[in-house]
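K.L.:
model the structure of this input:
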Amino acid sequence: MRMILPLFVWACIQGIGCNAGSTTPETRPAMANAAAPLAPVSFDPQDDPRGGDIVMREMGPLQGKVVADMFAGDGYYTWKLLSAGARVLAIDDDPAAIERLQAWKASQGIGDDRLLIRLTTPGVPGLLPDEADIALVTREYSTLGDRRSWITQLMAGIKSPHLFYLVNYLPGQSPDGPPLSQRMDYNQVSEELTLFGADDVGISYKKLPYRYILFASKPPLMPEEEAGPSGDAGH
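P.N.:
Reported below is the predicted structural model:
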């Protein structure tokens with residue numbers, strides 16, 4: 001379970017936005033064009049106990065991209081994504097987490113052009129079709145419920161090549177993290193994702209202590225791949 005950032009606690013003590021409502025797909029304002037200048041966002045400095053900077057480097061340049069932070073929780077990765085210049089869709093199925101995120105957003109004076117916060121239903125990613133450029137998933141893969149349905153919906157909400165990153169714990173003992181029963185081996189996850197539509201899957205398992213970073217995408221077919229063995233279009 002993610003710990004609550006001190007700035008969230010401060011915001012709620014001050015009474016800033018703790019009762020703010022969530023933004024749903026039906027009512028969300030449009031995010032500003034990705035080419036528009038980004039207003040500066042300031043954050044309280046703190047250390048990086050969960051390796052967020054490493055995850056950001058693995059995800060590549062994020063400036064101006066719309067990134068879906070799935071299961072945003074306490075906002076740790078939302079903060080990291082914003083700091084990297086992304087426009088963030090912070091999504092969670094926990095109403096309490098959404099309230100804390102709204103409080104923090106209000107306390108920092110962050111506008112909807114940089115951050116949208118959305119409450120979704122358990123088992124539903126909560127993205128509109130082609131809404132995000134990329135997604136980050138930090139909940140254990142085994143806990144997603146109907147994983148085929150969830151992954152299919154997630155990829156539909158990400159523009160081609162439907163790229164997303166998954167940060168999960170390795171099987172085995174660690175000082176913190178989820179129960180061992182929730183941890184899945186990355187090879188098992190990778191094999192399952194290919195069954196669910198991902199064509200390109202890669203894994204980094206030495207970048208973070210006790211965790212691995214997996215990426216999955218479905219790049220467009222090349223012309224020669226679209227053609228059948230005789231050169232005719234495949235069926």
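K.L.:
L116: what secondary structure?
P.N.:
Following DSSP: H, G, I helix; E, B strand; the rest coil, the label given to L116 is strand.
K.L.:
quick check, it in contact with V88.
P.N.:
Yes: L116 is within contact range of V88, at 7.4 Å (criterion: C-beta atoms under 8 Å). Where C-beta positions appear, they are placed from N, C-alpha and C, glycine not excepted.
K.L.:
more neighbours: those two, which one.
P.N.:
The residue with more neighbours, out of L116 and V88, is V88; 29 against 23, by other C-beta atoms under 10 Å.
K.L.:
who does the more buried one bridge with?
P.N.:
V67, L115 (DSSP bridges).
K.L.:
so what's it up against?
P.N.:
V66, V67, A68, D69, T78, L81, L82, R114, L115, L116 (C-beta atoms under 8 Å, 6 or more residues apart in numbering).
K.L.:
what of G109?
P.N.:
Applying C-beta under 8 Å, 6+ apart to G109 gives no contacts.
K.L.:
quick one: pLDDT of it?
P.N.:
Per-residue confidence (pLDDT) for G109: 94.
K.L.:
same question for I16.
P.N.:
At I16, pLDDT is 31.
K.L.:
mind naming the longest strand for the protein?
P.N.:
strand 200-208 (DSSP state E).
K.L.:
run through who's touching that one.
P.N.:
Identification of contacts with strand 200-208 by C-beta under 8 Å, 6+ apart yields 51, 54-55, 58, 161, 167, 170, 186, 190, 193-194, 212-219.
K.L.:
okay, and S190 sits in which element?
P.N.:
Using DSSP states H and E, the element containing S190 is helix 186-195.
K.L.:
got the angle for that helix vs strand 200-208?
P.N.:
Taking axes from the mean of the first three to the mean of the last three C-alpha atoms, to 10 degrees, one finds helix 186-195 and strand 200-208 inclined to each other by 150 degrees.
K.L.:
now helix 186-195: buried residues?
P.N.:
Y186, V189, S190, E192, L193 (16 or more other C-beta atoms under 10 Å).
K.L.:
how far off centre is it?
P.N.:
Centroid separation between helix 186-195 and its chain, computed with C-alpha atoms, centre = their mean, to the nearest Å, is 18 Å.
K.L.:
what comes into contact with it?
P.N.:
Contacts of helix 186-195 (C-beta under 8 Å, 6+ apart): 141, 147-148, 151, 166, 168, 170, 201, 203, 205, 212, 214, 216.
K.L.:
between those, which is closest to D130?
P.N.:
I151 (16.1 Å; C-beta to C-beta).
K.L.:
check the secondary structure at that closest one for me.
P.N.:
Three-state assignment for I151 (three-state DSSP): helix.
K.L.:
now it. Nearest residue, chain neighbours left out?
P.N.:
The spatial neighbour of I151 that comes closest, neighbours along the chain excluded (C-beta to C-beta, 6 or more residues apart in numbering), is F196 at 4.5 Å.
K.L.:
check T138 too.
P.N.:
V167 is the one closest to T138 (C-beta to C-beta, 6+ apart), at 4.9 Å.
K.L.:
P171 too?
P.N.:
Spatial nearest neighbour of P171, excluding adjacent residues (C-beta to C-beta, 6+ apart): R183 at 4.7 Å.
K.L.:
wait, doesn't the one you found sit right on T143?
P.N.:
No: at 10.2 Å, R183 does not count as touching T143 under the criterion of C-beta under 8 Å.
K.L.:
I'm done for today, thanks for sticking with me.
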